[in-house]
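Student: no sequence for this one, just the structure:
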């Protein structure tokens, strides 16, 4: 079972370049999300999706686009990279339940993508 | 919106000493989750707490949910070098939703 797979693991971009971080999960999870992690800032939600064809903004969406054409895939696009987007990016997935569940809704993370914008 | 504070930001301990991290919310929580991230790794789910005053144990780790369901703690007894990493709490963005926000984390360093 691969779980959550994200690529690339490392990337260096020049300011103004565009790129896509790929994310795929094989657990048939409805809910997928992208976080960025910066020193001392914890994990901040960029965008999320509750199912194919549905996306929404998180806490820090500016400069990023997402789409969800299939249940499995949730790519993150940087349209014009800026140095402020230098960060570690994590894709995550989980079951989506609107109501409180005693069994929990564990988030499974990918291994991360280290992005540097110069 | 929901805010969650986690303290301390860093903790250095000698191997064998105890360690505690605290997570505090401005609002009542339906549940709280704890994650561990090893250096260079990704966050991994540890546990979820649901009930007021709940206490759960995993070997040397003890997790507690406050009576008012606004705070939680993670206590490690007799730390080992394998406990090194950053511990995050995660809480629902609003009551009774599965969409989580994460605390800023506590980075634990254990010296042998």
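Tutor: That came through, no problem. Here the structure is a predicted model, which is why all the values come from computation and not from measurement. Residues are numbered from 1 along each chain as shown, chains lettered A, B, ... in the order given.
Student: so which bits of stretch A:108-118 are buried?
Tutor: A:108-110, A:112-113, A:115, A:117 (16 or more other CB atoms under 10 Å in any protein chain shown). Backbone N, C-alpha and C define where each C-beta goes, glycine included.
Student: ok, the residue most central in space within chain A to residue A:47 distance?
Tutor: Centroid check for chain A by CA atoms, centre = their mean gives residue A:34 as the closest residue, at 2.1 Å. For residue A:34, the distance to residue A:47 equals 5 Å [CB to CB, to the nearest Å].
Student: same question, residue B:12
Tutor: 36 Å.
Student: with neighbour numbers in mind, choose between those two.
Tutor: Comparing residue B:12 with residue A:47 by other CB atoms under 10 Å in any protein chain shown, the one with more neighbours is residue A:47, at 23 against 11.
Student: nearest residue to the more buried one other than its sequence neighbours?
Tutor: Once flanking residues are discounted, residue A:47 sits nearest to residue A:66: 4.3 Å by CB to CB, 6 or more residues apart in numbering or on different chains.
Student: pretty sure the one you found sits against residue A:76.
Tutor: Yes: between residue A:66 and residue A:76 a contact is recorded at 5.6 Å, counting by CB atoms under 8 Å.
Student: in chain B, which ranges drop under the pLDDT threshold?
Tutor: Scanning chain B for pLDDT under 70 picks out the ranges B:1-2, B:95-98.
Student: what segments of it are helices?
Tutor: With DSSP state H as the criterion, chain B has no helices.
Student: what does it have sitting close to chain A?
Tutor: Residues of chain B lying near chain A by CB under 8 Å from any CB of the partner chain: B:6, B:9, B:30-31, B:33, B:35, B:41-45, B:48, B:50, B:88, B:90, B:96-105.
Student: roughly how far apart are residue A:42 and residue A:115?
Tutor: In terms of CB to CB, residue A:42 sits 18 Å off from residue A:115.
Student: what's the burial count for residue 69?
Tutor: The chain I'm using is chain A. The burial count for residue A:69: 10, using other CB under 10 Å.
Student: let me rephrase: I mean chain B.
Tutor: Counted with other CB under 10 Å, residues neighbouring residue B:69 total 21.
Student: the nearest residue to residue A:9 once chain neighbours are set aside pairs with what?
Tutor: Excluding its sequence neighbours, the residue lying closest to residue A:9 (CB to CB, 6+ apart) is residue A:113, at 6.1 Å. Beta-bridge pairing of residue A:113 under DSSP bridges involves residue A:89.
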